[in-house]
Every structure is written in structure tokens, then in C-alpha cells.
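Student: pasting the sequence and the predicted coordinates here, then a few questions.
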Amino acid sequence: MSNQGNNRVPEQIQEKGIAVFRPELRENKELERFRVSVKNGNALARTKTEIALYAAVCLAILLVPVFLQDAFLLNKYARYLVFGMLAVSLSLSWGYAGILNLGQAMTFGIGSYCMAMMLKLKTVPVHTGADGLPDFMVWNNVTELPWFWTPFYSPLFGVLAGILLPACVAALLGWFVFKGRVTGVYAAIITLAAMVVVQLVIIDQQAFTGGFNGITDLGQFDIAGITFDAYGSSSYYLVAICLTVTLFLALAITKSKTGLIVQAIRDEEDRVRFFGYDVALYKIFIFSVSAAIAGLAGMLYTIVMEFASPTFLGVPLSLSVVIWVAVGGRQSLLGAMLGALIVTGVQGALSESETFLDTWTLIMGLLFVLVVLFLPQGIAGAFASLARRFERQRPAPARKPVQHTEPVPNGREIESTR
Amino acid sequence: MQADQLIVENVSVSFSGFRAVSDLCLKVRAGELRCLIGPNGAGKTTALDLICGKTRLSGGEILFKGKPIHRLSEHAIARAGIGRKFQVPSVFRALSVRDNLHIGHSKQPGVLANLATFGQGSDTEDIERLAELVGLEDELDTPAAHLSHGQTQWLEIALILAQDPSLILMDEPTAGMTAQETKKTAQLFNRLGGRHTLIVVEHDMGFVRDIAQTISVMHQGKLLAEGSITDIESNQAVRDAYLGSGGIGHA
């Protein structure tokens, strides 16, 4: 650039400064507005595509029972969908907020036990007759129904507790962890430890929780006259509809400004803090929402499995969720869900086939290693970069030329004049 | 003469025995553009950290608009009207420039209020204007990770302007910028003066000459001298402090 060009820069800055601080003096305002709306349109179009994609997948899931009447398979697929929901919950806290929750099964298990307690009280006890004690309490010489069991006679309380109790537990845990600014691997270890503690308490308090055996012989969940049989299409629909609602709710959260701030916290926690946002509150919020979704998934799991067990709060399940989400792509809710469906589906198919009876765990292990090595953003990340490459190859839509009174140098042009 | 907006009084802090800042006193008027200079390790960045709450002081007090702020949490200090630019540019690398600026707009910091906010809404024009001011208008949808170092510096400056605080703390804003970019930044800062109060920590004396009204020199955690650029350059104590580091111009 010539000397003359160099001298022009400050003048332009001044002009631009005027435009910024005294917008009424700006020329070409209409043109600029047009340009703004075009650019916003692009972002909006991308969101619309995303919504369409989510809707298509959910529709496909909802249509499965139309083509498939096998009760056993429907039950199995409903189970996979519950895992998908659990993966969505972890994607929200790990992928979006950067909180690696190794104890996601804790809130899942709490939800599952809430549903099991409610359904247990719907059955007529064998030993003590109607309004009597659940069987395992009788075996453990309990004479009176414990106070925390009584409210579960109300189905409404049971359902609300299954969602709100996990959320409250997570909020309490989050309060200590995030207010205390515990981050990264230390936060992950605390979540894991908390889960193990809850699991041990449940196993230890056999008289009230059924201990190792869990809570079995449950009644069937019903709502508004519909009974949800674990091996019928009704339960499948229940799970599929809950999954759809959850997925879109989570998507809405990530698209809101709160969702944006949460992602910013994942990138640069301090930067967000110095803008005046209370980082701990944002983390507690997203951690609790994630826990509520996991609790809902836990309740549905009890309906589909017809029992609750301390293994639902186990380390193996909790770590499996992390693997599903990593394979599917933690920064995509849909990817995380599909990751869970794919991994649990392949796992099921391999472990049931005679050829791979001895080797299926090895094959799964190899699969994870490959994904971690070659698809660090998971399957969803791989698709996203493919889509971007495809977009770049297409000719860009012609831009309306915008007239400036003078050409405006941007950072790049300035750099090239060095 | 306007009242002092920021008063730092006898502030001290030590890190495991080392007194990074001791008995620092600083008064900055509203709308002033103040430069804070000093040799390496003088405690300039620590002074900014103390004002914005990143580091807790062990003695003294800091008043902002007449109210003590040194016991508030970081977000409360930010909400009171203090913005901070970090030495190592700190932006949200995974997010687009537009989203970065949207987050900078933090007039409404509540979780639930923001949960109901979708898109930029009425902020759109503001965001576009800020992007244009710092020359990023064509990069609005680019992830911040793809920007050059100078552009990243500018993005962070734009983020602070989006926050619109009355007091802006800038820690080496021109580090890594080309001469052209530095010149542009000086122009921008001169324009901000009056509307915002600025405290700028800077090593580039050319840049300081371009923008400074008053210069405060720190040395070994203390305020060494204060005055106009000519006062400072002729001050013997300042010359001594810079001794061995190649003189004030090369610090």
C-alpha cells in the first residue's frame, strides 16, 4: 500500500468511530441493515436445518412400532432409547458446559428408584394384604412403612420426585463443587465418588431399599387410563415421546443465550466471569437440568425393565455413558443420542451372536480406540466437517455489493501491507 | 475537575511472602485515560487484578464511584461497571465472532432471563457496529479460533466495548499487533476517553506517547512517579528504575 494509503487509516477510524457512537450520522444505513439481515438469515437457516434433522430422526423413532410388532424387540429398542436420553443429558453437561460427569448414573438411579417405589406401592403385598408393607420390608422385619415411602402412594409425587429429586441433589452437589471453583478432573472425580456413596447407601439400607436385590415385582405404570406394559408398544411410545420432548427442550436451551454463555464458560471461564455473569450459577443450572433429564430416563428405565437395581447407579453404566457420548459426538445432542443407540445396538447384536460370543468386548474396545484416535469430535463431528467441506465446494451465493464512501481496510488487508 | 472515579488506597498483596504490590495509591478521574508503566515485575498486572477482583488484596481498600469494591465477587465488580482485557487475549475460541460479541453484551446477567433470550434481537445492530469498528465485519460467522493474533486482540477489545463498562482495564492491548494495528488502537482509545475511564498497562512507549494524558510509573510494587509524559521522561527516579533494562523507551 502506498504512503497515502497509510495516512488514510486514522481518518477512516475517525469516521467509523463517529458511526459507532453517533449512529444517526451514518450513511447507507438501509444498505447495512439489509446486509445484517442477510447474515442473520444464514445463522437462522442453519438452525432451521438442525431442527429439521432432529425432527426427522424423532419421527423415524416414533414410526418404528408401525413396522415392528415383536414385543421383545420393542422392549429392547425402548431400552436403547432410554440410554439415548441419558446420553443427551451427559452431552448437555459435558459437551456444552465442559463438566465431565462420571457419575451421571447417580441421578439416573435416583429417578429409577423413585419410579420403582411408586410402582411397588401399587401392588398388593403377598404377605400382608392390601395397604400392607412391600415384601422385602417384611423379610427384613420392618413393621411400619418408612416416612419417605408414604408420599409415593401418590403417582404425581412419584413422577415429580423422579425429576426434581435428581435435580436438587445435583444442585446441592454443584453448589459445593462450582461455588468452590473445583474444575476439570477434580470435579469429575467428585461426581464419581458421590455416585458410589449413594450406591453404597442403597445397598447398605436393605430394609428400606431392597439392598443388592433392588426393588422387584412392580405394578404397571398408568396415566390417564393408559397402562404402560413393558412389552407393548405403549411403553415404547412413552419413551420415544419423552425422548423427543427432551431432545427439543435441550436443543432450545443450547440455542438460548444461557446456552451460549454455558459454552463460553467451557471455553474461558474467567472471561465470562469478568463480564458480570455468575459462572457458578450457570454451571449449577446446566448440571441440574442434565440431572433432571437423567432422572426422567431412570424412571422410564424402571418402566421398561420392570425393576430397579443398585447396578443402575454403578460405575460400569456411568462410564458407558461417557463412551456413548464420546463416540456420538459430545457437542451434538443428536450425535450423543445416536452414539448411545449405535454403541448399545452393536453391543447387543455382537453379544447375542454366536460368532462373537468370546470376542465382542474386544471388538467394542477396538471401536472406541479407533473413534478416539480418528474422530475426536465423534460421529457428529465427522458429519459436520463433511457438511462444511460440501458447503465450501458449492459456489457462494452472490453478495449484494455494499457501497462505502471509501473502501474500509479490515484486519487482514492491514496485515498484508506489512 | 471531575471527582475521582477510582481510588486505590494503600493496597498491598503478597504471594507467599513476596510483596507484589505494597502500599499502592492511585486515583483516577472519570473519563481519564491513564497509562500504567514500569519495568518487568513492577506489579502492573497485579494492580489490575486487584481492581477487578481476580486477586484479593491483603491490606488497604479500593473505592469505585465512592463504594468499596474489594470484597465483592468478580461478577459483582464487573456488574458495578469495570471491564477487563487480559494480557493473553482471552476470547471464546469455539464460538463465532457474533456469538462472542453477543456474550459481551452482559447488561442482563441472569440465568433464567437469558434462558428466554433467543438470537441477538435488538442487539444485532450494536454487534454489527462493534464488529465494524474493529474491522471484523466480514468475520462475524467465523469461529474466533480462526482469527489472527491481532484480530483476536481486537475482538477482546470489542467484547469489552460490548460490555460497556465505565472503567476499562487494558493489559497490554497492543502486544502482537503490527505498527498499523497499534496506530489504529491508539486512535480508538483516544476516542473512548471521556466516555469511558481507561487504565492501560503498556510497554510500547510510542503507543503510550500517542494516548496518555497522565502516566503512573510503578516499581517494585510501589508507585514511583506520576505525571505527564515529559515529566516522566525527565524524572531521575524513573530513569534509575529502568536502569539495566535498556532505558524507558525499550522497556
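Tutor: Ah, there it is.
Student: surely residue B:43 touches residue B:24?
Tutor: Yes. Residue B:43 lies in contact with residue B:24 (Cβ atoms under 8 Å); the separation is 7.4 Å. (Each C-beta comes from the backbone N, C-alpha and C, glycine too.)
Student: got any residues that touch both of those two?
Tutor: Jointly contacting residue B:43 and residue B:24 under the rule Cβ atoms under 8 Å, 6 or more residues apart in numbering or on different chains are B:218, B:221.
Student: under the pLDDT cut-off, which ranges of chain A? List them.
Tutor: A:1-42, A:127, A:129-131, A:394-418 (pLDDT under 70).
Student: one more time with 50
Tutor: Applying pLDDT under 50 to chain A flags the ranges A:1-10, A:12-38, A:396-418.
Student: same check, this time on chain B
Tutor: By pLDDT under 50, the weakly predicted segments of chain B are B:1, B:250-251.
Student: got a list of what residue A:232 touches?
Tutor: Contacts of residue A:232 (Cβ under 8 Å, 6+ apart): A:71, A:74.
Student: go again using 7 Å as the cut-off
Tutor: Residue A:232 sits next to residue A:71 when contact means Cβ atoms under 7 Å, 6 or more residues apart in numbering or on different chains.
Student: assumed residue B:135 was part of a strand.
Tutor: No. Read with DSSP: H, G, I helix; E, B strand; the rest coil, residue B:135 is coil and lies in no strand.
Student: can you give me the neighbour number for the nearest residue to residue B:82 once chain neighbours are set aside?
Tutor: Counting by Cβ to Cβ, 6 or more residues apart in numbering or on different chains, residue B:82 lies nearest to residue B:167, which is 4.8 Å off, once chain neighbours are set aside. Counted by other Cβ atoms under 10 Å in any protein chain shown, the residues lying close to residue B:167 total 23.
Student: cool, and residue A:73?
Tutor: 14.
Student: pull up the gap between it and residue A:345, please.
Tutor: Going from residue A:73 to residue A:345 by Cβ to Cβ, to the nearest Å gives 11 Å.
Student: with residue A:61 instead?
Tutor: 13 Å.
Student: so for those two, which residue has more residues nearby?
Tutor: Neighbour comparison, residue A:61 and residue A:345: the larger count goes to residue A:61, with 22 against 15 (by other Cβ under 10 Å).
Student: what sits against the more buried one?
Tutor: A:81, A:240, A:243.
Student: cool, and residue B:105?
Tutor: So residue B:105 contacts B:123, B:162 (Cβ under 7 Å, 6+ apart).
Student: equivalent analysis for residue A:57, please.
Tutor: Contacts of residue A:57 (Cβ under 7 Å, 6+ apart): residue A:334.
Student: ok but it is inside a helix, no?
Tutor: Yes. Assessed by three-state DSSP, residue A:57 belongs to a helix.
Student: what's the spacing between it and residue A:333?
Tutor: Taking Cβ to Cβ, one finds residue A:57 at 11 Å from residue A:333.
Student: likewise residue B:61?
Tutor: 48 Å.
Student: looking at those two, which one has more neighbours?
Tutor: Neighbour comparison, residue B:61 and residue A:333: the larger count goes to residue A:333, with 29 against 14 (by other Cβ under 10 Å).
Student: in this structure that one contacts residue A:249, no?
Tutor: No. The criterion here is Cβ atoms under 7 Å, and residue A:333 misses it with residue A:249 at 9.9 Å.
Student: neighbours of the nearest residue to residue B:196 once chain neighbours are set aside, just the number please.
Tutor: Distances taken as Cβ to Cβ, 6+ apart put residue B:168 closest to residue B:196, at 5.3 Å, once the chain neighbours are dropped. By other Cβ under 10 Å, the residues close to residue B:168 number 24.
Student: so residue B:168 is in which element?
Tutor: Element membership of residue B:168, judged by DSSP states H and E, is strand B:167-171.
Student: OK, contacts around the residue nearest to residue A:155 when sequence neighbours are not counted?
Tutor: In space, and not counting its chain neighbours, residue A:155 is closest to residue A:118: 6.0 Å by Cβ to Cβ, 6+ apart. Contacts for residue A:118 were tallied using Cβ under 7 Å, 6+ apart; they are A:152, A:155, A:158.
Student: in strands, which of those residues appear?
Tutor: Within the contacts of residue A:118, no residue falls in strands by DSSP state E.
Student: let me know the closest of those residues to chain B.
Tutor: residue A:158 (26.9 Å; Cβ to the nearest Cβ).
Student: wait, isn't that closest one in contact with residue A:151?
Tutor: No. With contact defined as Cβ under 7 Å, residue A:158 does not reach residue A:151; the gap is 8.1 Å.
Student: between these two, which one's more packed in?
Tutor: Higher neighbour count among residue A:158 and residue A:151: residue A:158, with 21 against 15, using other Cβ under 10 Å.
Student: measure that one to residue A:115 for me?
Tutor: To residue A:115, residue A:158 is 6 Å away according to Cβ to Cβ.
Student: which SS state does residue A:46 fall under?
Tutor: Applying three-state DSSP: residue A:46 is helix.
Student: okay, now it: neighbour count?
Tutor: Residue A:46, neighbours per other Cβ under 10 Å, totals 11.
Student: could you do residue B:68 as well?
Tutor: For residue B:68, using other Cβ under 10 Å, the count is 12.
Student: excluding chain neighbours, what is closest to it?
Tutor: Nearest to residue B:68 is residue B:61, by Cβ to Cβ, 6+ apart, at 5.5 Å.
Student: what about the residue nearest to residue A:155, which helix or strand?
Tutor: Going by DSSP H and E, residue A:118 is part of helix A:104-120.
Student: so how far is that helix off the chain centroid?
Tutor: Centroid separation for helix A:104-120 versus its chain: 18 Å, with Cα atoms, centre = their mean, to the nearest Å.
Student: alpha carbons only: can I get it in PDB?
Tutor: C-alpha atoms of helix A:104-120 as PDB (Å, rounded to 0.1, in the frame of the first residue of the first chain):
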ATOM      1  CA  GLN A 104     -24.300 -39.400  35.500                       C
ATOM      2  CA  ALA A 105     -25.800 -42.800  36.600                       C
ATOM      3  CA  MET A 106     -26.300 -41.400  40.100                       C
ATOM      4  CA  THR A 107     -29.200 -39.200  39.100                       C
ATOM      5  CA  PHE A 108     -30.400 -41.900  36.600                       C
ATOM      6  CA  GLY A 109     -30.600 -44.400  39.500                       C
ATOM      7  CA  ILE A 110     -32.400 -41.900  41.800                       C
ATOM      8  CA  GLY A 111     -35.000 -41.400  39.200                       C
ATOM      9  CA  SER A 112     -35.300 -45.200  38.700                       C
ATOM     10  CA  TYR A 113     -35.800 -45.800  42.400                       C
ATOM     11  CA  CYS A 114     -38.400 -43.100  42.700                       C
ATOM     12  CA  MET A 115     -40.400 -44.800  39.900                       C
ATOM     13  CA  ALA A 116     -39.800 -48.300  41.500                       C
ATOM     14  CA  MET A 117     -41.000 -47.100  44.900                       C
ATOM     15  CA  MET A 118     -44.200 -45.700  43.400                       C
ATOM     16  CA  LEU A 119     -44.900 -48.800  41.300                       C
ATOM     17  CA  LYS A 120     -44.100 -51.100  44.300                       C
END
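Student: residues in the stretch 101-250 of chain B within reach of chain A, list them.
Tutor: B:102-104, B:106, B:109, B:111, B:114-118, B:124-125, B:128-129, B:132-133, B:135-136, B:138, B:140-141, B:148, B:150-151, B:154, B:163, B:178, B:180-181, B:183-184, B:187-188, B:191 (Cβ under 7 Å from any Cβ of the partner chain).
Student: among these, which are in helices?
Tutor: Judged by DSSP state H, the subset of these located in helices is B:102-104, B:111, B:114-115, B:124-125, B:128-129, B:132-133, B:150-151, B:154, B:163, B:180-181, B:183-184, B:187-188, B:191.
Student: just the buried subset of those residues, please.
Tutor: Neighbour counting by 16 or more other Cβ atoms under 10 Å in any protein chain shown classes B:102-104, B:111, B:114-115, B:124, B:128-129, B:132-133, B:150-151, B:154, B:163, B:180-181, B:183-184, B:187-188, B:191 among these as buried.
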